[in-house]
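[1] This is a predicted model, with the sequence first.
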Amino acid sequence: MDLWKLAEAKKLIKTEEPLPEPEAGLLRVRVTKVFLNGQDAAIYSGGVKVKYPLIPGRYAVGFVAEEGDPVFPKNTRVLLHGYRPVPKTGTEKRDFGADDFYALGRTADGFMRDFVNVSPDDMTALPASVSDERALLLHQVAAAKEVTDRLQVQKGQHIAVVGADLIGILICQLLIYQQAAPILIDADPARLEFAGKCGIYYTVKSGANVVDRVAELTGGRLTRGAAYVASASGNDTDLPFLVTARETGVVFFGTSANKVIVSLGVAMRKHISVHTVSHGIKYLKTAINLMANHAVDPTPFHANAIKPDRVEALLADYSARPDRDVDEINCLELL
């Protein structure tokens, strides 16, 4: 089978290796598509430190390639989970500074390979109503759901979302589905313009008058909560606290690879609770239902299908073109 490894920063090597040996309790899965994004590019370029060699690719779909499981019969389409619990051996001293989950493609080998052995607990069957391309976004939908749940959103509430990238737009779409009123704030007018095409009614460009603009939209009450999306570059971390009313909550979303510096002075003055979210793995099945029921709609995004021989050029292009199109979703096709 074909397999791709990062030997070092900016050095992705294709190798041919035997199929993975059968393992008790694991099923062989043929990987068909892998979602590549800015974090994969940062890992490739060396901007995010990893242990080499590493197989990239966190988000993937495939199908079960062997008989033998009543829940996942052969040819079942599956979503491969991008996060897995760190095994507890019971013999080693617990490292309380370590993550509880492996992030595949960053802290453990990912899915940029033809075949992988997977536990049934680490994959989810996909319904026919959710295409492969939409399934590749389910981890992002699950994370968005985690954020909205942390905000304890109620019908009719105004909620600020700072950051108009994929995650920020999905959070807004879920808020609309929950009959709340998101106000999307971003420093980039192009991202806000695209968000309007995704059904986001209220968009505000950040700047000196951002609080006044939010006050106008909320009748002077400000928002009843806010989310800050760390992956949407160029946005001030003070913004969610400035546009949110007293005694509410703010959720910061980002992975542990995102470096976010936050000043809590305004939050303490306004008695705002602060929460953090790095993934939504427990919401994956919910995310499938949300996608199937059109609670979120990725239709405006442009799916860019690429073959393995173009992967390095794509990942290098992320750094060379920081103003890349916000509507671009890159899908590596392995079959």
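    All right, it came through fine.

[2] How many neighbouring residues does the closest residue to residue 115 other than its chain neighbours have?
    Spatial nearest neighbour of residue 115, excluding adjacent residues (CB to CB, 6 or more residues apart in numbering): residue 1 at 5.1 Å. Glycine gets a C-beta too; all of them are placed from N, C-alpha and C. For residue 1, the tally of surrounding residues (other CB atoms under 10 Å) stands at 15.

[3] now residue 1: how far from residue 173?
    To residue 173, residue 1 is 37 Å away according to CB to CB, to the nearest Å.

[4] related to what we said a few turns ago, check whether the residue nearest to residue 115 really touches residue 117, as I assumed.
    No - under the criterion of CB atoms under 8 Å, residue 1 is not in contact with residue 117, lying 11.8 Å apart.

[5] just the helices in the protein please.
    Per DSSP state H, the chain carries helices over the ranges 38-45, 132-135, 138-151, 166-177, 189-197, 210-217, 239-242, 265-269, 284-292, 311-320.

[6] Nearest to residue 64, out of the ones you listed?
    Closest to residue 64 of the helices of the chain is helix 132-135 (CB to CB; 14.5 Å).

[7] which helices and strands sit right next to that closest one?
    The contact analysis (3 or more CB pairs under 8 Å, 6 or more residues apart in numbering; DSSP states H and E) places helix 132-135 against strand 27-36, strand 77-80, helix 284-292, strand 328-333.

[8] For the ones you listed, give me JSON lines that also has mean pLDDT.
    Listed next are these as JSON lines, based on pLDDT from 0 to 100:
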{"stretch": "strand 27-36", "mean pLDDT": "96"}
{"stretch": "strand 77-80", "mean pLDDT": "98"}
{"stretch": "helix 284-292", "mean pLDDT": "96"}
{"stretch": "strand 328-333", "mean pLDDT": "93"}
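
[9] can I get these in TSV with mean neighbour count and distance to residue 197?
    Below are these laid out as TSV (neighbours: other CB atoms under 10 Å; distance: least, CB to CB, whole Å):
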stretch	mean neighbour count	distance to residue 197
strand 27-36	23	21
strand 77-80	23	27
helix 284-292	19	19
strand 328-333	18	14
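
[10] From residue 184, how far off is residue 297?
    For residue 297, the distance to residue 184 (CB to CB) stands at 15 Å.

[11] More neighbours: which of the two?
    Between residue 297 and residue 184, counted using other CB under 10 Å, the more crowded position is residue 184 (28 against 15).

[12] quick one: contacts for that one?
    By CB atoms under 8 Å, 6 or more residues apart in numbering, the residues touching residue 184 are 161, 164, 168-169, 172, 192, 195, 200, 202-204.

[13] Any idea how far stretch 24-32 is from the middle of the chain?
    The chain centre lies 23 Å from the centre of stretch 24-32; the measure is CA atoms, centre = their mean, to the nearest Å.

[14] err, stretch 172-189, not the other one
    Offset of stretch 172-189 from its chain centre (CA atoms, centre = their mean): 17 Å.

[15] So what would you say the end-to-end distance of it is?
    End-to-end distance of stretch 172-189: 17 Å, with CA to CA, to the nearest Å as the criterion.

[16] same thing with stretch 195-211?
    For stretch 195-211, the first and last residues are 20 Å from each other (CA to CA).

[17] when you give positions from now on, start the count at 241
    Happy to do that; since the first residue is 241 now, the last one works out to stretch 435-451.

[18] Mind listing residues that contact it?
    402, 404, 408-409, 412-413, 416, 421-427, 429, 432, 453-454, 457, 462, 475-476, 479, 482-483, 537, 540.

[19] Pull out the buried members of these.
    402, 404, 408-409, 412-413, 416, 421-427, 432, 453-454, 457, 462, 475, 479, 482-483 (16 or more other CB atoms under 10 Å).

[20] residues in contact with stretch 539-549?
    Contacts of stretch 539-549 (CB under 8 Å, 6+ apart): 242, 244, 254, 276, 373, 406, 434, 437-438, 554, 565, 567-574.

[21] Now that stretch: average pLDDT?
    What stretch 539-549 shows for mean pLDDT is 92.

[22] what do you get for stretch 387-396?
    Mean per-residue pLDDT for stretch 387-396: 96.

[23] With stretch 284-304 instead?
    Here the average pLDDT along stretch 284-304 is 94.

[24] Then stretch 468-488?
    If you average the pLDDT over stretch 468-488, you get 95.

[25] Now that stretch: buried residues?
    Residues of stretch 468-488 classed as buried: 468-472, 475, 477-484, 488 (neighbour count, 16+ other CB under 10 Å).

[26] List just the nearest of these to residue 281.
    residue 471 (11.7 Å).

[27] so what's the closest one up against?
    Counting by CB under 8 Å, 6+ apart, residue 471 makes contact with 278-279, 403, 405-407, 493-495, 498.
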